[in-house]
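In: Quick one, structure for this:
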Amino acid sequence: MTARSVPVLPSRDLTETAVLYQRLGFEVAFPMDDYLIADRDGAELHFFPDADLDPATSNAGCYLQVDDADALHHEWAALGVRVIRPLEDKPWGLREFALVDDSGNLIRVASLADPTNP
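Out: Down below sits the predicted model:
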């Protein structure tokens, strides 16, 4: 069986979410007025509108596994994206960082700390 998981995250404003994720290098599509799909290199994020969402109390989030967290961190830092957890090696063998989008969604990004030792 081949499987993959796609997070469905809340957005207080789909237009605002689209602008942010396009800035982060995602291709964005509005297949319906009430849904947003953002895709970057096969990492797909879906968003639904929640106008009453309070970003400060949101518990939503996802984990993106990428080939090179360092490169993505560098790219997003150059755009001025505020990272809330610095890029660092974790004891479980991953190199990761995290950011929070405008709707309060926690986005953790990680790659193998030592790609030669999976």
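In: all helices of the chain, in order?
Out: Per DSSP state H, the chain carries helices over the ranges 14-23, 69-78.
In: So what touches the first one?
Out: Think helix 14-23. Helix 14-23 has contacts (CB atoms under 8 Å, 6 or more residues apart in numbering) with 11, 28, 30, 34-36, 38, 45, 47, 49, 79, 81, 101-103. In this view, the C-beta of every residue, glycine as well, is placed from N, C-alpha and C.
In: Report the rounded mean pLDDT for it.
Out: Confidence over helix 14-23, taken as the mean pLDDT, stands at 94.
In: Just give me the neighbour total for I107.
Out: 23 (other CB atoms under 10 Å).
In: mind listing what it touches?
Out: Applying CB under 8 Å, 6+ apart as the definition, the contact partners of I107 turn out to be 61-62, 64, 98-101.
In: Can you tell me which of the contacts of helix 14-23 lies closest to M1?
Out: L45 (22.9 Å; CB to CB).
In: how far away is the closest one from P86?
Out: 22 Å (CB to CB, to the nearest Å).
In: Those two: who's more crowded?
Out: When neighbours are counted by other CB under 10 Å, L45 and P86 differ, and L45 comes out ahead with 22 against 9.
In: Leaving out the residues flanking it, which one is nearest to the more buried one?
Out: Of all residues beyond its chain neighbours, the one nearest L45 is A38 (4.6 Å), with distances taken as CB to CB, 6 or more residues apart in numbering.
In: again with F30
Out: Excluding its sequence neighbours, the residue lying closest to F30 (CB to CB, 6+ apart) is L36, at 6.0 Å.
In: for that neighbour, what are its contacts?
Out: Counting by CB under 8 Å, 6+ apart, the residues that L36 touches are 11, 14, 17-18, 28-30, 46-48.
In: Separate out the buried members of these.
Out: In terms of neighbour count (16 or more other CB atoms under 10 Å), the buried residues within the contacts of L36 are 11, 14, 17-18, 28, 47.
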